[in-house]
Structure formats: C-alpha cells, structure tokens
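Chemist: kindly return the folded structure for what I paste below:
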Amino acid sequence: MTKLTGNIRITPNPGTETMGPHFEVVFVPYHGRINAQTVRLSSHDELVAFLIEIKFSEDDASRWAGRAKSSVVLIPSVERTEALLKENGLLT
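Modeler: Residues are numbered from 1 along each chain as shown. Next up, the predicted model:
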C-alpha cells in the first residue's frame, strides 16, 4: 500500500454560463509525478462530504470547506494511500 504525501488544493470557481459555481479539488504531491485529476463539487455540503470521505474529521472538513468559500485553500501535509485517492477520483 503506497502512501502519498502532498497538499490538497481547493479552488472556488464562480462558474460560467455552461457550468455553475463549484469547487475544484486537486491533490498536489510534494515530489514525483502522478496522474492527478481535478474533482469538481457543486456545493459546500458536497465538499464537506468529500473531505470526510478522504479521511478528514468532520470538524476539520467543515473548517477547510468554510475557508474555501472565499479563496483558494491549501491543506498541507496530507498523507493518504494511493488507493484512497484513486477511489475518490483524485488520481487516475
């Protein structure tokens, strides 16, 4: 079971005519190359649920999601298994 360490970047996006407002979540590793992909979540509640799925506590997930409403957020020093990141769509 390979563990990866890096940051999780959450970017609020106000949306366009074709796509409504959403949050973009991406895993940014500290070193190496991986096939990371962006996960788009359409609401604050979906963002909190997603963060809980990738093993953040409910309090931490709510705190990070609240900060992400107004600006880009980097969650530092996230260590998760490759399998967990893949099953939640952050890796291909």
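Chemist: for the chain, what spans make up the strands?
Modeler: 3-13, 22-29, 39-41, 73-81 (DSSP state E).
Chemist: would you turn the ones you listed into JSON lines with mean neighbour count, distance to residue 49 and mean pLDDT?
Modeler: (Each C-beta comes from the backbone N, C-alpha and C, glycine too.) Formatted as JSON lines, the strands of the chain follow (neighbours: other Cβ atoms under 10 Å; distance: least, Cβ to Cβ, whole Å; pLDDT from 0 to 100):
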{"stretch": "strand 3-13", "mean neighbour count": "17", "distance to residue 49": "14", "mean pLDDT": "94"}
{"stretch": "strand 22-29", "mean neighbour count": "18", "distance to residue 49": "12", "mean pLDDT": "94"}
{"stretch": "strand 39-41", "mean neighbour count": "17", "distance to residue 49": "8", "mean pLDDT": "95"}
{"stretch": "strand 73-81", "mean neighbour count": "15", "distance to residue 49": "16", "mean pLDDT": "95"}
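Chemist: save those as CSV, and put in distance to residue 53 too.
Modeler: Shown next, in CSV, are the strands of the chain (distance: least, Cβ to Cβ, whole Å):
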stretch, distance to residue 53
strand 3-13, 12
strand 22-29, 11
strand 39-41, 10
strand 73-81, 11
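Chemist: quick one: which of those strands is nearest residue 87?
Modeler: strand 73-81 (9.5 Å; Cβ to Cβ).
Chemist: now the closest one and strand 22-29, what's the angle there?
Modeler: 50 degrees (axes from the mean of the first three to the mean of the last three Cα atoms, to 10 degrees).
Chemist: okay, the angle between strand 73-81 and strand 3-13?
Modeler: Using the same axes, to 10 degrees, the direction of strand 73-81 lies 150 degrees away from that of strand 3-13.
Chemist: on that earlier part again, go through the strands of the chain and name the closest to residue 67.
Modeler: Of all the strands of the chain, it is strand 73-81 that lies closest to residue 67, at 5.0 Å by Cβ to Cβ.
Chemist: list the contacts of the closest one.
Modeler: Contacts with strand 73-81, where a contact means Cβ atoms under 8 Å, 6 or more residues apart in numbering, come from 1-10, 27, 54-55, 64, 67.
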